[in-house]
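> Here is a sequence with its predicted model. Questions after.
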Amino acid sequence: MGNRLSKIYTRTGDDGSTGLADGNRIAKNAQRVEAMGTADELNCHIGLLIECLDSNDELVDNLRRIQHHLFDLGGEFAIPGSKVIGDNHIEWLEQTLDTHNENLPPLKNFVLPGGSPAAAQCHMARAVCRRAERVVVALSHEDSINTDARHYLNRLSDLLFVFARSLARRNDGEEILWEQKKSGL
C-alpha cells in the first residue's frame, strides 16, 4: 500500500466536496459519490452477515471474496475511466449462483425477508445491492462507466437472494413465503 493516512480528518471536505482517487474534487452529493458510498454500505452489510455466521461456514469465503470485489468496485468509481471488475468476476458469481441454487427447490411464491437472523441480514444486503445497481444505472446516464460494474451488481443481488434462501432453510428452518390471504387483499 503506497500512501497511508496518518491523519483521518483533512477539513478539505468541509466545503461539501470530496476528492476522487485521481485528484479531482466533486460534490459529496454527486452520483459518483453516491455509487461509492452505496458500494461501501453494501460491503458493510456483507461484513455484518459474515459476523452472523460461524467462521468455518462455507459461505464465509465467498462473502469475503465479494467484499474484496466491492472494495475494488468502489475504487473503480473513485477513478473515472478505470476498469477492475470484468467478465471473470461476473462468471465467478454465475458459477457460484448456479452451484448454490441447484440445491434449492423451485420457487412457487414470493419470499419474505427473514427465516433466521443471517437470512434476514442477507436479504438486507440484497436490497442494498439492488439500490447500488440503481445508483450505478443513474451514474451511467451522467458519465461513462464500466458496464461490467452494473452487470456485477445485478448478478450479486441474485446470488445474495439464493444465499438468503439457503440460510433460511438451514437447521430445519423454513423460508417465509408471501401469502396473499395474509396481506388483506
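Received it, and whenever you're ready, just let me know what you need.
> now stretch 23-31: mean pLDDT?
In this model, stretch 23-31 has a mean pLDDT of 86.
> can you map out the strands along this structure?
In the chain, the strands defined using DSSP state E lie at 17-19, 25-27, 111-112, 176-177.
> Relative to the whole chain's centre, how far out is stretch 172-184?
How far stretch 172-184 lies from its chain's middle: 26 Å, per Cα atoms, centre = their mean, to the nearest Å.
> Give the buried residues for that stretch.
For stretch 172-184, burial by neighbour count (16 or more other Cβ atoms under 10 Å) applies to residue 175. The way it works is simple: take the backbone N, C-alpha and C, and place the C-beta from them, glycine included.
> Show residues contacting that stretch.
Stretch 172-184 is contacted from outside by 108-116, 119, 165, 168-169, using Cβ atoms under 8 Å, 6 or more residues apart in numbering.
> Quick one: which of the residues you listed is the most crowded by neighbours?
residue 119 (25 neighbours; other Cβ atoms under 10 Å).
> List of residues touching the helix or strand of the chain with the lowest mean pLDDT?
Ranked by mean pLDDT, DSSP states H and E, the weakest helix or strand in the chain is strand 17-19, scoring a mean of 80. Around strand 17-19, the neighbours that count as contacts under Cβ under 8 Å, 6+ apart are 12-13, 25-28, 33.
> How about the contacts made by the residue lying closest to residue 104 once chain neighbours are set aside?
Leaving aside its sequence neighbours, residue 104 sits nearest to residue 165 (Cβ to Cβ, 6 or more residues apart in numbering; 5.4 Å). By Cβ under 8 Å, 6+ apart, the residues touching residue 165 are 104, 111, 119, 175.
> coming back round to it: and the contacts of stretch 172-184, which is closest to residue 41?
residue 113 (17.0 Å; Cβ to Cβ).
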